[in-house]
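Participant: Structure of the sequence below:
(3 chains)
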Amino acid sequence: MRERQILHVDVNNAFLSWTAIERLKEGETLDIREIPAVIGGNEEMRSGIVLAKSMKAKSCGVVTGETLYQARKKCNNLQVYPSNYKIYKKYSNDLYNLLLEYTDKIERFSIDECFLDMTEYLAGSTLLYKAKEINKRVEKELGFTVNVGVAHNKLLAKMASDFEKPNKVHTLYENEIPQKMWNLPISELFMLGRKTVPKLYNIGIKSIGDLAKFDEKILIKKFGKHGKLMWEYANGIDNSEVQYEPEEPKSIGNSITLPTDIFGLDKIDEIVLALTEQVTYRLRKYDLLANVVSVQLRTKDFKDYSHQRKLISPTSSTREIYDVAREITHEMYKGDFIRLIGVRTDDLCDKNQIQLSLFDNSNSKKQERIDKSIDFLKEKYGYSKITRGTVMNVENIVKPKRKE
DNA sequence: TCTGGGGTCCTAGGACCC
DNA sequence: TCTGGGGTCCTAGGACCC
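Facilitator: Have a look, this model is predicted:
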C-alpha cells in the first residue's frame, strides 16, 4: 500500500477567534484575542463553563471545560463573551471551502477540525509545503489562524497539530515518534481521558513512550478493545481512512440543564415533551425515522440514569415518540430532584427507504400532517413561537412567562 | 464542583432461539 | 428436564471526543 499523505487542520481557539473577528467586522475596536477572554455559557442558566479561551487567558491557567467561576479565580480581569453557533458555522464553511482547493477528500471531524487526504493531490509538491501554504493562506484570507499537523496517518497528524500553538505547522513522521511523542504524558494521547489516565498511572505507565513499550496483551486483557487501540496509538499505528463522504447521523438528541432542579413527573413530562418536539422536528427536517427512543435524567447530585425502548416501527411522529419517552421516564423516575433531562433517538433510518406500507394507516397519516404543519409554522415564525398544548418549549420553561 | 450539549462506540447481562 | 453452548437482540451504563 502506498504511504498516505494526511494533514490535520485545527483552528486555534476557534470560538474565541471567530467571535473576535466577527466583532471587529461589526466595528468594535477591541480584539478579544489580545486580552484575557473566554467564550462561556450562561451562569444564571447553570451552563457557565469555558468553551474557548484566548492565549492570555490560557497563560493564567484557564482551561476549556472548567466553570467560569474557577476561571475568574485564576484571572481576575477575565472577560466573558457568549457563543454564537451561527457565525461559527459560517467560518467553518469558509475554512472548508478554502481547503477544497487542495483536495476533495476532506473529513469534517468537528466544527473547527478537518482531516485532509492529500495522497493523490501533491503533484510534485511536498506535503509539508502544502501544509505551510494552507497555514499562511488561512491567516491571510480568512483572518484567523490554524495549526496544521503533517503525517502519514490521521492519528499522527492530529497529535502533530496539537504541538506548539498557535499558527504553527508540525510534522510527525514515523521516525519522529520517539523524539516528538513518546516523552509526552499519556493524558496527551488521543482517546485517553480522565478515567483511563489514573488507571494507567497505577500500573506505572506515565508517558506515551511507557505505553508504547508496555505489553500489548496485558493492555488488551485489562482494557479490551480500548487497550488495543491505546497501544496502537502510542506506537503511532492508525489505518483508519479519511471519511470524506459525510455519513448519515446515527442518533439525534437534545438535552437541557434546567436553571433550577425540578421535582415530580408533571414537570419532567413537560420538559420531555418540549425536547421531543425539538428532536422530532430535526428528524423530519432530515427525512429520518427513529427505531429507538431514550430518555436521560441527571439528578441534582450528578447521578445519571437512562432508559431506552425499541419502537415497533420506525417513526418521526412527535406523538408516537413522546408517548414512549413519557412511558420510560415514568418507569425510571425514582423521585429525585432533577438537574438535566435529555431525549435522544437512535438507530435512525432514511424515511425514503422504508416501505410505504408503514404509513398507510390513516391515523399515522393524520399525525404526519399535524407534525408537518407545525414544522411549517416553526420555519415561518421561528422555533420558539409554536408549541403544542401547554406552553411547552424549552425557552418558556427556562424563562417562565406570565400566563395570559 | 458554582460541573454544557452534541455526538460515537463499547461492554455486560439477560432474554430468547436453535 | 435434573440439560450445554453459541448467536442475536435488547437494554443500561460508561468512556471518549469536540
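
Participant: Relative to residue A:119, how far out is whichever residue of the stretch 51-200 of chain A sits closest to DNA strand B?
Facilitator: Taking Cβ to the nearest atom of the strand as the measure, the stretch 51-200 of chain A has residue A:69 as its residue closest to DNA strand B, at 3.6 Å. For glycine as for every other residue, the C-beta is placed from the backbone atoms N, C-alpha and C. Relative to residue A:119, residue A:69 is positioned 47 Å away (Cβ to Cβ, to the nearest Å).

Participant: what about those two, which has more around it?
Facilitator: residue A:119 (16 against 10; other Cβ atoms under 10 Å).

Participant: Tell me the pLDDT of that one.
Facilitator: Listed pLDDT for residue A:119 reads 97.

Participant: Could you look up the SS state of it?
Facilitator: coil (DSSP: H, G, I helix; E, B strand; the rest coil).

Participant: Can you give me the separation between it and residue A:259?
Facilitator: 50 Å.

Participant: Which stretches in the stretch 101-250 of chain A count as strands?
Facilitator: Per DSSP state E, counting those that start in this stretch, the stretch 101-250 of chain A carries strands over the ranges A:106-110, A:113-117, A:146-151, A:169-171.

Participant: Give me the sheet partners of the last one and which way each runs.
Facilitator: Each strand that strand A:169-171 pairs with, and the sense of that pairing, follows from DSSP bridges: strand A:146-151 (parallel).

Participant: Check the second one too.
Facilitator: Here the strand partners of strand A:113-117, with direction, are listed using DSSP bridges: strand A:6-11 (antiparallel), strand A:106-110 (antiparallel).

Participant: so which of the strands of the stretch 101-250 of chain A gets nearest residue A:281?
Facilitator: strand A:106-110 (23.2 Å; Cβ to Cβ).

Participant: For the closest one, what is the distance to the chain centroid?
Facilitator: Its chain's C-alpha centre and that of strand A:106-110 lie 12 Å apart, by Cα atoms, centre = their mean, to the nearest Å.

Participant: what's the average pLDDT for that strand?
Facilitator: Per-residue scores along strand A:106-110 average to 98.

Participant: Could you do stretch A:300-310 as well?
Facilitator: 96.

Participant: Tell me which residues of it come out buried.
Facilitator: Within stretch A:300-310, the residues that count as buried by 16 or more other Cβ atoms under 10 Å are A:307, A:308.

Participant: what's around the residue in the stretch 101-250 of chain A positioned nearest to DNA strand C, how many residues?
Facilitator: Going by Cβ to the nearest atom of the strand, DNA strand C is nearest to residue A:193 of the stretch 101-250 of chain A, at 2.5 Å. Residue A:193 has 9 neighbouring residues, counting by other Cβ under 10 Å.

Participant: Could you list the low-pLDDT ranges of chain A?
Facilitator: Applying pLDDT under 70 to chain A flags the ranges A:1, A:355-363, A:381-404.

Participant: Can you tell me which residues in it are near DNA strand C?
Facilitator: A:109-113, A:158, A:190-197, A:292, A:294, A:304-310, A:328, A:331-332 (Cβ under 7 Å from any atom of the strand).

Participant: need the residues of the stretch 1-150 of chain A near DNA strand B, please.
Facilitator: Contacts of the stretch 1-150 of chain A with DNA strand B, taken as Cβ under 7 Å from any atom of the strand, map to A:41, A:43, A:46, A:47, A:48, A:49, A:51, A:65, A:66, A:67, A:69, A:70.

Participant: ok, now which ones touch the fourth one?
Facilitator: Yep, that's residue A:47 we're talking about. A:41, A:257 (Cβ atoms under 8 Å, 6 or more residues apart in numbering).
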